[in-house]
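# below are the sequence and a predicted model; questions follow.
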Amino acid sequence: MLGIRRISNSRWWHKKKNWLFFAIFLFLVFVRISKGAFYKDFYYFISKPFWPGQFQKEIVLESIDQEYLIKLNLLTKDNIRLRQILSLQESSNNEHISAAVISRKTGGWWRQIILNKGSKDGVEIGNIVIGPGGLLGRVKNTSLFTSSVTLITSPESKLGVWVDRIQINGLLVGLGDDYPSLILYSKDADIKVGDFVSSSPASTLLPPNIPIGIVQSIDETLKSKKTAKISLLAKPHVIDWVQILKVNI
Amino acid sequence: MGTNFESKYLMNKFFTKKLSIISFIFIPIIFLWHPNWLGFLGVQPYWPLFWLLPWAMINGSINGLVFGLFLGLILDSLTLNESFTQIPGLIFCGFFFGRIKSHNDILVGHFRYGLICSFGSFLCGTLYLAQILFRNFSDGNFLMFIPGVKNILAEVFLTGLFAPFICSQLVRMFKFSRRKLW
């Protein structure tokens, strides 16, 4: 009887040590199947205090900014070179005149701003006025010391624009409110809310690729055209400083 | 000393006599100033009516008509919309305001200024919108301009709101400048 008990005590599953090894084995199998997920998550928590700080983030962001700036300059140069090769219209890049807004009428029917630079400073009728965000309008009138700008929201303003995503030209008409209307003379145009609108390469009034606005809402399709409301990127009612761009179109 | 006193007296007399004309000069300046904090939905009151109403009430329809034309000419030259003009509205208002006589009751008179200016502003705004619609009629885009009615309503509201304060002061000033100094 005693002999039998001794034999049964010597089975491997009666030993705690073996069960321990089995548990470790199972754990290792789990680690293998989960491809070390447990370890990685564990490492995430213990390494958290030693992560790269805000300072390093700023350095990286600055480097990214510089990279984008260099890329932008290279692309701009490429763009100018290709436009010259194809004899397309271009704007003279270096002739910017900074001016302050000394009077603004941005509500009601009359939508215009008056700038503190006039013909004395070389401003000419037809010059383009841009502000932070993009196009504001065109110089309609100059005096010796001031120039008057018709905003693109004015009922008198009609400009050729370009919807980049669907590669189509349209007409931007000021309506006397803050949201000018984009008219596309094709009822099948696949315009969507959020589409970006810039000045048209085919326009005879504006240099190409000046940002204008974003499609805010699309109206009912009329017989042969589609219309959409545009939210402008440059806000004339808050901008105090603008740039007058000389155009050679 | 005597000469100094006399020149001072003459200056005072000149400014008092010409108070209405001097205030006329300030209309285009206020029109250009466009204080945003005074606006409603981005729209300003129609400033020229505040001057035109007292002037026409005191000096009659013909004077109102002529100065309505002058105001229209000045304001049109300040705004860049060459295709549209403010002259018809201001001429009509000048003539119409000249037919109105001031009310005996001061309080009623105040509210009357508000109502009359609101009507004038509505008329000028409607005539302006009509021009825009007419101009764009041939393009078939004229229906897009209908929401511009909002501009008219905001302008009517603000003009009616400020008129009792401004017009009553201007009427007093103009009457004061017309009195005989000696």
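Nice, thanks for sending it over. Numbers count the residues shown, from 1 in each chain, chains lettered A, B, ... in the order given.
# please count neighbours and contacts with C-alpha atoms only from this point.
Noted.
# how is chain A divided into domains?
If you go by automatic domain parsing, the domain ranges for chain A are A:52-85, A:95-249.
# for chain A, which residue gets nearest to chain B?
Ranked by Cα to the nearest Cα, the top residue of chain A for proximity to chain B is residue A:107, at 4.4 Å.
# so which strand or helix has that residue?
Per DSSP states H and E, residue A:107 falls between elements, in no helix or strand.
# what's near enough to touch residue B:90?
B:49, B:65, B:68, B:69, B:71, B:72, B:124 (Cα atoms under 8 Å, 6 or more residues apart in numbering or on different chains).
# out of these, the closest to chain A would be?
When these are compared for distance to chain A (Cα to the nearest Cα), residue B:124 wins out at 11.4 Å.
# doesn't that closest one lie inside a helix?
Yes. Under DSSP: H, G, I helix; E, B strand; the rest coil, residue B:124 sits within a helix.
# isn't it right next to residue B:84, touching?
No. In this structure, residue B:124 is not within contact of residue B:84 by Cα atoms under 8 Å, at 11.7 Å.
# any idea which of the domains of chain A is most buried?
Of all those, domain A:95-249 has the most neighbours on average by mean count of other Cα atoms under 10 Å in any protein chain shown, namely a mean of 20.
# next one: that one to chain centre, how far?
Relative to its parent chain, domain A:95-249 has a centroid offset of 18 Å by Cα atoms, centre = their mean, to the nearest Å.
# sorry, back to before: state the distance from the residue of chain A closest to chain B to residue B:40.
9 Å (Cα to Cα, to the nearest Å).
# can you list contacts of stretch B:110-124?
Residues from elsewhere that reach stretch B:110-124 (Cα under 8 Å, 6+ apart): B:46, B:49-50, B:53, B:86, B:88-90, B:93, B:97, B:152-153, B:155-157, B:159-165, B:167-168.
# for the chain, which segments count as helices?
Looking at chain A here, since you left the chain open. With DSSP state H as the criterion, chain A has helices at A:2-9, A:16-33, A:37-47, A:54-85.
# chain B, not that one
B:2-17, B:19-33, B:47-59, B:61-78, B:87-98, B:106-135, B:149-178.
# now do the third one, average pLDDT.
Spelled out, it's helix B:47-59. For helix B:47-59, mean pLDDT rounds to 89.
# which other helices and strands does that helix contact?
helix B:19-33, helix B:61-78, helix B:87-98, helix B:106-135, helix B:149-178 (3 or more Cα pairs under 8 Å, 6 or more residues apart in numbering or on different chains; DSSP states H and E).
# looking at those, which one is packed in the most?
When these are scored by mean count of other Cα under 10 Å, the highest mean neighbour count falls to helix B:87-98 (a mean of 23).
# quick one: distance of that helix to the chain centre.
Offset of helix B:87-98 from its chain centre (Cα atoms, centre = their mean): 10 Å.
# the spatially most central residue of chain A: what's it in contact with?
Residue closest to the average C-alpha location in chain A (Cα atoms, centre = their mean): residue A:196, at 8.7 Å. Shown in contact with residue A:196 (Cα under 8 Å, 6+ apart): A:163, A:164, A:165, A:211, A:212, A:213, A:214, A:215.
# can you rerun that using 7 Å?
A:163, A:164, A:213, A:214, A:215 (Cα atoms under 7 Å, 6 or more residues apart in numbering or on different chains).
# filter these by proximity to chain B?
With respect to chain B, and counting by Cα under 7 Å from any Cα of the partner chain, no part of the contacts of residue A:196 is in contact.
# where's the dip in pLDDT among the residues you listed?
Lowest confidence among the contacts of residue A:196: residue A:164, with 83.
# from residue B:167, how far off is it?
From residue A:164 to residue B:167 the distance is 53 Å (Cα to Cα).
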